[in-house]
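Asker: Kindly return the folded structure for what I paste below:
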Amino acid sequence: MTFEPQWKQDFDRDGFVVLRQYVDADEAANVDSQIDRFIRDLLPTAPATTAFYEDPDDPSSIMRLQNMLEHDEWFHELYYSESMAGLARHLLGDEVVGKNLQWFNKPAGVGGPTPPHQDGFYFMLEPNEAITLWLALDHIDEENGCVRYVRGTHHDGMRPHQRSNVIGFSQGITDYGDADTAREEPVHAKPGDLFAHHSMTMHRADPNPSRRRRAALGFVYFAASANEDKDRSEAYRQKLYEQWEKEGRL
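Answerer: So this is what the prediction gives:
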């Protein structure tokens, strides 16, 4: 598979790159059907922390599935395929360590906002070198909550974060202000478009009050040269899960 040098140049400069029709419409539709199968056949017996809901009393309001490659061979193969893991290696300029495969969803009418954040705050890496590949599965625009990137912010260091009230996005940037908002770039997408962003790139998304779903599959990889504080990371996750379980949000 061929990866264009320009993709890495854009990624290194901007902290994100947009690859239009990275997979064709039929492939994107197949991914979508496999997610439906996962929800129907595997989710009922998966750990409670596999799914997060906008409304725990409404099974149709799933806003995130995570650790999908650990529960299903089809997603495991997709995650480690050259088209995905190979692209991550190309853009990071390093070997990669597989971390997570997540379905990000904003259900029509009830999908909540994604607070401004840097993925690296959750990852606890040194150096903070990681990437998320974001494969769009719907037509996405401002109306249903497109991703908004702030170009070049992966060069600026970690901004302060504190706990948010958004399930699945436990932390948000505390000093995200008008100057940041003015620099946002909303990225529209069609099924099969792929965005890739660095772990230090600031981004957010609005809620989805529309009648259209907004879904994407997210592939998270750490650079092999990055060291993860695994004990601290696991303790943080367990604390969050305990809190969300008490709140009835899992």
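Asker: residue closest to the middle of this protein?
Answerer: Here the mean C-alpha position of the chain is nearest to the C-alpha of residue 218 (Cα atoms, centre = their mean), at a distance of 4.4 Å.
Asker: Can I take it that it is in a helix?
Answerer: No - under DSSP: H, G, I helix; E, B strand; the rest coil, residue 218 sits outside any helix and is assigned strand.
Asker: give me phi/psi at the residue nearest to it when sequence neighbours are not counted?
Answerer: Computed as Cβ to Cβ, 6 or more residues apart in numbering, the closest residue to residue 218 that is not its neighbour in sequence is residue 102, at 4.4 Å. C-beta coordinates here come from the backbone N, C-alpha and C atoms, glycine included. Main-chain torsions, residue 102, degrees, to the nearest 10: phi -130, psi 140.
Asker: Could you do residue 40 as well?
Answerer: According to degrees, to the nearest 10, residue 40 has phi -70, psi -50.
Asker: The residue nearest to residue 218 and residue 199: what is the separation?
Answerer: 14 Å (Cβ to Cβ, to the nearest Å).
Asker: which of those two has more neighbours?
Answerer: residue 199 (26 against 21; other Cβ atoms under 10 Å).
Asker: my guess is that one meets residue 132, correct?
Answerer: Yes - counting by Cβ atoms under 8 Å, residue 199 touches residue 132, with 7.3 Å between them.
Asker: so what's in contact with the two at the same time?
Answerer: By Cβ atoms under 8 Å, 6 or more residues apart in numbering, residue 199 and residue 132 have these common neighbours: residue 119.
Asker: Now residue 213. Nearest residue, chain neighbours left out?
Answerer: Nearest in space to residue 213, with sequence neighbours left out and distances taken as Cβ to Cβ, 6+ apart, is residue 108 at 5.2 Å.
Asker: these two touch, right, that neighbour and residue 212?
Answerer: Yes - checked against Cβ under 8 Å, the pair residue 108 and residue 212 is within contact range at 5.6 Å.
Asker: more crowded one of these two?
Answerer: Taking neighbours as other Cβ under 10 Å, residue 108 and residue 212 compare with residue 212 leading, 18 against 15.
Asker: quick one: pLDDT of the more buried one?
Answerer: pLDDT recorded at residue 212 is 97.
Asker: and if you look at residue 218?
Answerer: 98.
Asker: Next up, the contacts around it.
Answerer: Residue 218 neighbours (Cβ under 8 Å, 6+ apart): 100, 101, 102, 103, 104, 132, 133, 134, 135.
Asker: Tabulate these (TSV), appending secondary structure, pLDDT and distance to residue 226.
Answerer: Output for the contacts of residue 218, formatted as TSV (DSSP: H, G, I helix; E, B strand; the rest coil; pLDDT from 0 to 100; distance: Cβ to Cβ, whole Å):
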residue	secondary structure	pLDDT	distance to residue 226
100	strand	96	14
101	strand	98	18
102	strand	97	19
103	strand	98	24
104	strand	96	23
132	strand	98	14
133	strand	98	17
134	strand	98	20
135	strand	98	23
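Asker: returning to what we had before: and for residue 108 and residue 212, which residues touch both?
Answerer: Common contact partners of residue 108 and residue 212 (Cβ under 8 Å, 6+ apart): residue 144.
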